[in-house]
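Novice: Got a sequence here, can you build the structure:
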Amino acid sequence: MSIENNVQIVKDFLAALSRRDKQGLLALSDKDIEWIIPGEDWPLAGTHRGHEGLENLLQKANETVETSFPEPPEFIAQGDRVVIAGFATGRIKATNRTFEDHFVFAITVRNAKLTNIREYIDTLALARASEIAARPRRPYPSRPIARETIRKVNEYVEQRQRLLNRKQRAARVQASEVDPIQQAHRDLHLAVEDPTEISA
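Specialist: Got it, this is the predicted structure:
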């Protein structure tokens with residue numbers, strides 16, 4: 001499948017999701033699909049596997065959450081991976097609380113079927129919207145930083161350090177080098193004032 005075809009399949013999946021079209025979603029999903037939604041304190045969190053897991057997730061979403069997308073998402077594709085970056089607003093029905101979510105979906109497409117969906121979402125905003133007022137609030141753990149992000153940050157820091165080291169070495173070399181003409185002028189000036197001060 002081409003990258004363009006993979007993007008179109010994902011767009012068709014999102015359109016079916018917006019319509020709450022269960023059959024359309026199942027038709028575009030591999031029978032062993034895995035959909036990972038982070039968090040623990042909101043209704044849809046968890047790992048949902050296979051068509052049965054997908055059906056249960058859709059049913060729970062219909063019962064618990066209203067979501068809308070005020071602006072079209074951005075699609076970035078490479079190989080069998082399609083990444084969606086976008087913005088959503090919604091409401092948790094049980095609490096009637098609203099939320100805003102800047103999200104990223106990393107989706108794998110193989111043989112014209114979605115095989116894996118991994119969401120990166122604002123779990124804190126969703127958990128707070130899901131929280132019942134009478135329930136005592138407890139601190140939420142900070143979200144772990146992805147290993148890939150840590151690796152890229154470390155590479156960037158190392159590159160900047162290497163660049164700084166090169167600049168410092170170049171500055172030291174430049175400072176130690178004396179232009180011959182300037183040195184001759186300095187020697188001549190010293191010789192006039194004091195012949196014993198001529199440099200070697």
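
Novice: what secondary structure does the most centrally placed residue in the chain sit in?
Specialist: Centroid check for the chain by Cα atoms, centre = their mean gives residue 104 as the closest residue, at 6.9 Å. Under the three-state scheme (DSSP: H, G, I helix; E, B strand; the rest coil), residue 104 adopts strand.

Novice: for the protein, what spans make up the strands?
Specialist: Using DSSP state E, the strands of the chain run over 29-37, 46-49, 65-68, 74-78, 81-92, 97-110, 113-120.

Novice: Grab the nearest non-local neighbour of residue 28.
Specialist: Excluding the flanking residues, the one nearest residue 28 by Cβ to Cβ, 6 or more residues apart in numbering is residue 13, at 4.8 Å. From N, CA and C alone the C-beta is placed, and that goes for glycine too.

Novice: Find me the pLDDT at residue 14, would you?
Specialist: Residue 14 carries a pLDDT value of 91.

Novice: contacting residues for it?
Specialist: Residue 14 sits next to 73, 84 when contact means Cβ atoms under 8 Å, 6 or more residues apart in numbering.

Novice: Tell me the spacing between it and residue 28.
Specialist: To residue 28, residue 14 is 10 Å away according to Cβ to Cβ, to the nearest Å.

Novice: so what are the domain limits for this protein?
Specialist: 3-144, 150-197 (automatic domain parsing).

Novice: which one of those has the most crowded surroundings?
Specialist: Of all the domains of the chain, domain 3-144 has the most neighbours on average by mean count of other Cβ atoms under 10 Å, namely a mean of 15.
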